[in-house]
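J.: what follows is a predicted structure for the sequence shown.
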Amino acid sequence: MTVYQALEGGELASVIARGELVWAADQEGGGPHVFPDPDDPQRLTGFEVELADLIAGELGVKARFQQGQWDRLPLLLGHTADCVINGIELLPDRRRDYTCSRPYFAYGLQLLARRDGPLDAVEKLAAAGPAGRWRVGVLTGSAAELFLRSRPEFEVDAIGYDGTIDSMEQVHSGVLDAALMDDCIFNFYADRFAGLRAVGRPFGGGYYTVLTARDTPRLSAAIDEALGRIIADGRLKTLYDRWDLGGRQQILALRDAAEIPIATRRSLRQLAVETLPVLLSAAGMTVLLACLSFPCAILVGLSLALGRLHGPAWLRPILTGFVEVVRGTPLMLQLYAIFFLLPKVGLALPALVAAVAGLALNYSAYESEIYRAGLKAVPTGQFEAALALGMTKWQALRHVIVPQAVRLVMPPVTNDFIALFKDTSVCSVITVIELTKRYSVLALSTGRIVELAVITAILYLAMSWPLSLLSRRFEASQEKGA
Amino acid sequence: MIRIEGLSKTRGGTRVLADVGLRADERDVTAIVGPSGGGKSTLLRCLNGLEVFDSGEVTIAAHRMGPGPHPPQLLERVRRDVGMVFQQFNLFPHLSVLENVALGPRVVGRMPLAEARARATAQLERVGMASFAAARPETLSGGQQQRVAIARALALTPRVMLFDEPTSALDPAMSAEVMETIVALARGGQTMVVVTHDHAFARRAATQVVELVAGRITRAGPPATVLDP
């Protein structure tokens, strides 16, 4: 598409030429908006699926769904998706960075907590709870998160999750005191979590909007017109009634929707002043995760390797099985299991502990293979010489074999440390906010995706560069020694 | 001090030792000679349990070893009393010369560091390597490395020393310096068993010579009768 076409509304022309409107949403824990049909998991259902069909129908095309991570859906605009229809709240920041349609749904924020817990009124958030500050789960990047962060008077730590179901699970298992989310989501999933209750009435709140990229006037105007027709002829009311979302109240609320202001764009200087301290402290978390977990991974990995090579015969297949299972499953799944599944059997670990444990566990399997190779690379004559002195097998390993193996594998182990360094970013799935997650949150809230990406990349390089130098020095000393 | 009776061993269907018998008293220097592949090294390694055997019996420094795998505690007691020097030296490359020699006294002899170091220094002086105490093994010549290996084996004052072709990996000049060290030890009354191709050494230092061919003892006796019949 040329610039001329874009200015003339080429994006609408290309939707019509393609014959389909590509709309992005996140189906994970996405009820009642977009979620897999329980009777046919291949098929998507939800009120926004039907809304997308209606809008596309008004444009004379078919609707095609595009999956994305909720807090990054807007990043798909302009290349992968034409619009985002997924409970995107109409906020000043979003009006600055994207084109927002007229509202199509009114939501309130609902606080929820355990039925038997101490939190029974929203006002209680203003004072610390029995266990200190309240821990409240929110969907990362949502209006609920923004609301809590804009209330410094609350004694609340807002903890960001990638899905709303996750935070409900964590309230249920006692890791969180409460969760704050759009009321329609709580109403939809309330039956599944019988131990949770709504605390007070919905409050705050606002409107959902269809997002399109900036400078797409024709497409957004066409979507606004489509929404107008769907509201005017009663189809939207019927749709909401069918989904038990209160059709009449919705239509009345949409009619009274007030204009939302547009946030001002920060200068580069202002951006740096505001974001650099936050990014630096997130980088500190990255360093902390790597430096706590890697020594554990090395110790466990070395023990695994020694056990597999020199341990009792019954132990060896068990350790081999452990290594294969850990190596053969994704890190993200392991973190997820440690953080979300262990509380179900009564072992609730703080997020940081779970993150360090998960990283250490995962990397221990890789380190054990490196150490196994290193141990085998030490000549047998060394072992015999140690035994001939009268050492026991374990004395020989400790004083003669392991020190040599450790030196041999220094370069690949340093290499793995750099890899682990970057893998810490996966920990964001269990609410640990490190550099990558902080970048993505900031990029979306400020709209400065490119500038912040450059700063973040520089921070990563500044951290891994010294490690690379160290690794090269080890290699050089190895070659000299050989 | 050493008694071997009816020692037999097969490896992969081949007989490597067949009904070997041998006796050596305190202060005896036993040289084992014979063609390569005759079972000399295997016999020597049976003496400190680095190899197991199928039948027969080995008694060394009052420890008795039977056929099959030996209990670990027995092996540790045997090796505490029996030192060994290898053809390829096998010095520990991550330790200095002094640390190589002090490791045995420290770990096996459970001596305090200072005492272990003093003992190691004394052994290094004995083989003429005390001035290299701080060096890394890889910076030494082959002959120097082998002398350090001898000091390492001596550091726990073994009652018997085993030498497995100690000069085969060395050129003649270095070979001579190592042989002089071993001859001096033998003259000092150290009981030892030496696997060697060096008949000159056997004539000079051995009290008895055993010739092993295809796993059998073909000749045994004083050097003169075995080597110059």
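T.: Received, thanks.
J.: bridging residues for the residue nearest the centre of chain B?
T.: Taking Cα atoms, centre = their mean as the criterion, residue B:162 is the residue nearest the geometric centre of chain B, at 1.5 Å. Beta-bridge pairing for residue B:162 (DSSP bridges): residue B:84, residue B:193.
J.: in stretch B:208-217, what's buried?
T.: Taking 16 or more other Cβ atoms under 10 Å in any protein chain shown as the basis for neighbour counts, the residues of stretch B:208-217 that come out buried are B:208, B:209, B:210, B:211, B:212, B:215, B:217. Every C-beta, even on glycine, is put in place using the N, C-alpha and C of the backbone.
J.: could you do stretch B:189-203 as well?
T.: Neighbour-count burial for stretch B:189-203 flags B:190, B:191, B:192, B:193, B:194, B:195, B:196, B:198, B:199, B:201, B:202 (criterion: 16+ other Cβ under 10 Å).
J.: only C-alpha atoms, please: export that stretch in PDB.
T.: In PDB, the C-alpha atoms belonging to stretch B:189-203 read as follows (Å, rounded to 0.1, in the frame of the first residue of the first chain):
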ATOM      1  CA  GLY B 189      65.400 -50.400  51.500                       C
ATOM      2  CA  GLN B 190      62.000 -49.600  49.900                       C
ATOM      3  CA  THR B 191      60.100 -52.800  49.100                       C
ATOM      4  CA  MET B 192      59.000 -52.400  45.400                       C
ATOM      5  CA  VAL B 193      57.700 -54.200  42.300                       C
ATOM      6  CA  VAL B 194      58.800 -52.700  39.000                       C
ATOM      7  CA  VAL B 195      57.400 -53.600  35.600                       C
ATOM      8  CA  THR B 196      60.200 -52.800  33.200                       C
ATOM      9  CA  HIS B 197      61.800 -53.500  29.800                       C
ATOM     10  CA  ASP B 198      65.100 -52.000  31.200                       C
ATOM     11  CA  HIS B 199      67.300 -55.100  31.900                       C
ATOM     12  CA  ALA B 200      70.200 -52.900  33.000                       C
ATOM     13  CA  PHE B 201      68.000 -51.500  35.800                       C
ATOM     14  CA  ALA B 202      67.000 -55.100  36.800                       C
ATOM     15  CA  ARG B 203      70.600 -56.200  36.900                       C
END
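J.: what's that stretch in contact with?
T.: In this structure, residues lying in contact with stretch B:189-203 by Cβ atoms under 8 Å, 6 or more residues apart in numbering or on different chains are B:1-2, B:24-33, B:40-41, B:43-44, B:47, B:159-168, B:175, B:179, B:182-183, B:185-186, B:205-206, B:209, B:223-224, B:227.
J.: contacts for the longest helix belonging to chain B?
T.: Across chain B, the helix with the greatest residue count (assigned by DSSP state H) is helix B:172-187. Residues from elsewhere that reach helix B:172-187 (Cβ under 8 Å, 6+ apart): B:29, B:127-128, B:141-143, B:146-147, B:150, B:154, B:161, B:163, B:166-167, B:170, B:192, B:194, B:198, B:201, B:204-205.
J.: let's see 10 Å
T.: When contacts are defined by Cβ atoms under 10 Å, 6 or more residues apart in numbering or on different chains, helix B:172-187 is touched by residues B:27-29, B:85, B:126-129, B:141-147, B:149-151, B:154, B:161, B:163, B:166-170, B:190, B:192, B:194, B:196, B:198, B:200-201, B:204-207.
J.: what about residue A:269, which SS state?
T.: Three-state assignment for residue A:269 (DSSP: H, G, I helix; E, B strand; the rest coil): helix.
J.: one more: residue A:461?
T.: Reducing the assignment to helix, strand or coil with three-state DSSP, the entry for residue A:461 is helix.
J.: what's the burial count for it?
T.: By other Cβ atoms under 10 Å in any protein chain shown, 10 other residues sit near residue A:461.
J.: quick check: it vs residue A:374, distance?
T.: In this structure, residue A:461 and residue A:374 are separated by 29 Å, where distance is defined by Cβ to Cβ, to the nearest Å.
J.: what is the burial count for residue A:223?
T.: Using other Cβ under 10 Å, residue A:223 has 28 neighbouring residues.
J.: actually residue A:268, not the one I wrote
T.: Under the neighbour criterion other Cβ under 10 Å, residue A:268 is assigned a count of 9.
J.: tell me who's in contact with it.
T.: Listed by Cβ under 10 Å, 6+ apart, the contact set of residue A:268 reads A:448, A:451.
J.: try residue A:317
T.: Contacts of residue A:317 were listed using Cβ under 10 Å, 6+ apart, and they are residue A:308.
J.: how far off centre is the host helix or strand of it?
T.: Taking DSSP states H and E as the definition, residue A:317 sits inside helix A:315-328. Centre-to-centre, helix A:315-328 and its host chain are 29 Å apart (Cα atoms, centre = their mean, to the nearest Å).
J.: which residues in chain B form helices?
T.: Applying DSSP H to chain B gives helices spanning B:40-47, B:72-81, B:97-103, B:113-126, B:142-154, B:172-187, B:199-205, B:223-227.
J.: quick one: the fifth one to helix B:113-126, angle?
T.: Comparing the axes of helix B:142-154 and helix B:113-126 via axes from the mean of the first three to the mean of the last three Cα atoms, to 10 degrees yields an angle of 130 degrees.
J.: helices or strands next to helix B:142-154 in the packing?
T.: Packed against helix B:142-154 by the contact rule (3 or more Cβ pairs under 10 Å, 6 or more residues apart in numbering or on different chains; DSSP states H and E) you find helix A:380-388, strand B:82-85, helix B:97-103, helix B:113-126, strand B:160-164, helix B:172-187.
J.: to residue B:18, which of the ones you listed lies closest?
T.: Of all the helices and strands packed on helix B:142-154, it is strand B:160-164 that lies closest to residue B:18, at 20.4 Å by Cβ to Cβ.
J.: for the closest residue to residue A:387 other than its chain neighbours, give me its contacts.
T.: Nearest residue to residue A:387, sequence neighbours excluded (Cβ to Cβ, 6 or more residues apart in numbering or on different chains): residue A:396, at 5.7 Å. For residue A:396, the contacting residues are A:310, A:382, A:383, A:384, A:385, A:386, A:387, A:388, A:389, A:390, A:402, B:107, taking Cβ under 10 Å, 6+ apart as the criterion.
J.: confirm for me that residue B:101 is in contact with residue B:116.
T.: Yes. Residue B:101 sits in contact with residue B:116 when judged by Cβ atoms under 10 Å, with a separation of 8.7 Å.
J.: can you pull out the helices in the stretch 251-400 of chain A?
T.: In the stretch 251-400 of chain A, helices defined by DSSP state H, counting those that start in this stretch lie at A:268-310, A:315-328, A:331-336, A:351-377, A:380-388, A:393-396, listed in chain order.
J.: circling back: mind listing what the residue nearest to the centre of chain B touches?
T.: Shown here is residue B:162, whose contacts under the criterion Cβ under 10 Å, 6+ apart are A:388, B:30, B:44-45, B:47-48, B:50, B:60, B:82-86, B:153, B:192-195.
J.: with only the CA atoms kept, save stretch A:228-237 in PDB.
T.: Listed in PDB are the C-alpha atoms of stretch A:228-237, where the atom choice follows Å, rounded to 0.1, in the frame of the first residue of the first chain:
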ATOM      1  CA  GLY A 228     -24.500   3.100  15.000                       C
ATOM      2  CA  ARG A 229     -26.700   0.900  12.800                       C
ATOM      3  CA  ILE A 230     -26.400  -2.100  15.000                       C
ATOM      4  CA  ILE A 231     -27.300   0.000  18.100                       C
ATOM      5  CA  ALA A 232     -30.200   1.800  16.300                       C
ATOM      6  CA  ASP A 233     -32.000  -1.200  15.000                       C
ATOM      7  CA  GLY A 234     -31.800  -3.100  18.300                       C
ATOM      8  CA  ARG A 235     -29.500  -5.900  17.200                       C
ATOM      9  CA  LEU A 236     -26.900  -5.000  19.900                       C
ATOM     10  CA  LYS A 237     -29.500  -5.000  22.600                       C
END
